[in-house]
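Visitor: Please work out how this folds:
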Amino acid sequence: GWICAALCRGVKEIDLELHNLGNVPPVLFTCHSLVTLKLVAVGSEIKVSSDVCLGNLKTLQLRNSKFVGDSIHRLISNCHVLEDLAFIDCDFEYMREVNIQSPSLKRLVLVYDLAVFENIDYVVVINTPNLVYFQYTDTVVKGYTLTNMKSLEKAHINIYQFDSINCETSATHLIQGICNVRSLSLTIDEVVSKLSIHVFFSPFNII
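Guide: Residues are numbered from 1 along each chain as shown. Purely as a prediction, here's the structure:
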């Protein structure tokens, strides 16, 4: 189709919006020339095959996309120069783990639709030693493992539906993972605000 024709001509930037296509065309993830990929995939699933090849991709923005299996980890681990990554209102309902590990990543945005509180039974794993900016908006999920965040300069954290002891523990792990950040913007809902404030500020050296 026309997507394949564009990719075969060595296109470097794609800004694509798909609606109810079923599966996102796998050819999108095998284009070595791509530097920027912005994809809206409403009602579509992303299945990343083992032959993924995005060796020059620096910017990846995925919106309203539904992921299958370990597609996120497989996709990111094959983007060796990726610097800017965003998941916006994506569906992780059938995933056990959102695994983001990238030595090249500098900017990470994870923003989810706060009007839809469905599955939070997954773990967020982030290992990004060169990350300088992190934005996270979501309900508190099952768990967080954030490592190698020592380069982080600015973080915007917005967490919601925080109403149990398990959520308190998970949120503490989230904040502890970014305790080296130089500038932190933290937004919490009214349930969170009733909890002990030390949960959020004990990891930091406050002057």
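
Visitor: Assign the residue positioned nearest the centre of the chain to helix, strand or coil.
Guide: Computing the C-alpha centroid of the chain and ranking residues by CA atoms, centre = their mean puts residue 110 first, at 4.1 Å. Secondary structure, DSSP: H, G, I helix; E, B strand; the rest coil: residue 110 is strand.

Visitor: partners of it in the sheet?
Guide: residue 87, residue 136 (DSSP bridges).

Visitor: so what's residue 28 scoring on pLDDT?
Guide: We have a pLDDT of 88 for residue 28.

Visitor: To clarify, my last question referred to residue 188.
Guide: So residue 188 comes in at 82 (pLDDT).

Visitor: next one: residue 110
Guide: 96.

Visitor: is it true that it touches residue 137?
Guide: Yes - using CB atoms under 8 Å, residue 110 is in contact with residue 137, at 7.3 Å. Placement of C-beta: from N, CA and C, glycine included.

Visitor: mind checking the SS state of residue 4?
Guide: helix.

Visitor: Give the full set of residues in contact with the residue nearest to it when sequence neighbours are not counted.
Guide: Nearest residue to residue 4 in three dimensions, chain neighbours excluded: residue 27, at 5.4 Å (CB to CB, 6 or more residues apart in numbering). Contacts here follow CB atoms under 8 Å, 6 or more residues apart in numbering; on that basis residue 27 touches 3-4, 7.

Visitor: With residue 106 instead?
Guide: Per CB under 8 Å, 6+ apart, neighbours of residue 106: 83-84, 130-133.

Visitor: Where does pLDDT dip in the protein?
Guide: 1-2, 113-119, 161-165, 190-207 (pLDDT under 70).

Visitor: quick one on the thing from earlier: can I get the contacts of residue 27 in TSV with distance to residue 97?
Guide: Below are the contacts of residue 27 laid out as TSV (distance: CB to CB, whole Å):
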residue	distance to residue 97
3	29
4	32
7	30
